[in-house]
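sharing a sequence plus its predicted fold:
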Amino acid sequence: MREPELEAVLKKFDKLLRQYPDHLDHLGDFKSFLRSFLRVRTHYLTLPTSEVISIIKHEKPTIYYSLKANLKDDPIFGFITQLDMSYELAKENLETIKNK
């Protein structure tokens, strides 16, 4: 992958999904991750925001819906929590990005 910053944040995302259960105690961890994720600058690829949000929505629904409810007044988070794509497509797209 020619996007080292994106590669690092996607590894962090995988670790976050494995390490933390879908419990409100970990809402801050996901919120912090999303803030850092949105700061990533890419040169050749589009930031896979829809994919990341869709995977969180499917794999960590409690965290997703809490993020959506608690951050609805934040314009950026309000927007990204409205993004949607199929879970299977999101996983496939992230795998394609990781293998570039």
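Looks like it arrived, so ask away.

so how far is Lys12 from the most centrally placed residue in the chain?
For the chain, the residue nearest the mean C-alpha position is Val52 (3.0 Å; C-alpha atoms, centre = their mean). For Val52, the distance to Lys12 (C-beta to C-beta, to the nearest Å) stands at 11 Å. In short, each C-beta sits where N, CA and C put it, glycine included.

which regions of the protein lie under the pLDDT threshold?
For the chain, the stretches flagged by pLDDT under 70 are 1.

so where do the helices sit in it?
Taking DSSP state H as the criterion, the chain carries its helices at 4-19, 27-38, 49-59, 61-70, 75-80, 87-98.

can you give the contact residues for the fifth one?
Where contact means C-beta atoms under 8 Å, 6 or more residues apart in numbering, the residues beyond helix 75-80 that reach it are 34, 38, 49, 53, 67, 71-72.

what sits against the residue lying closest to Tyr44 once chain neighbours are set aside?
Of all residues not flanking Tyr44 in the chain, Arg2 sits nearest, at 5.6 Å (C-beta to C-beta, 6 or more residues apart in numbering). Going by C-beta under 8 Å, 6+ apart, Arg2 touches 43-44, 100.

shouldn't the residue nearest to the centre of the chain be in contact with Phe13?
Yes: with contact defined as C-beta atoms under 8 Å, Val52 reaches Phe13; the gap is 6.3 Å.

number of residues surrounding Ser54?
23 (other C-beta atoms under 10 Å).

could you measure from it over to Ser86?
7 Å.

ditto for Leu47
Taking C-beta to C-beta, one finds Leu47 at 19 Å from Ser86.

of those two, who's got more company?
More crowded of Leu47 and Ser86, by other C-beta under 10 Å: Leu47, with 17 against 10.

ramachandran angles for that one?
phi -60, psi 130 (degrees, to the nearest 10).

my read: Leu45 touches Glu5, true?
No: in this structure Leu45 lies outside contact range of Glu5 using C-beta under 8 Å: 10.7 Å.

any chance of TSV for the contacts of helix 75-80, columns distance to Leu94 and neighbour count?
Listed next are the contacts of helix 75-80 as TSV, based on distance: C-beta to C-beta, whole Å; neighbours: other C-beta atoms under 10 Å:
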residue	distance to Leu94	neighbour count
Leu34	15	22
Leu38	16	14
Thr49	11	15
Ile53	12	23
Leu67	19	22
Leu71	23	17
Lys72	26	12
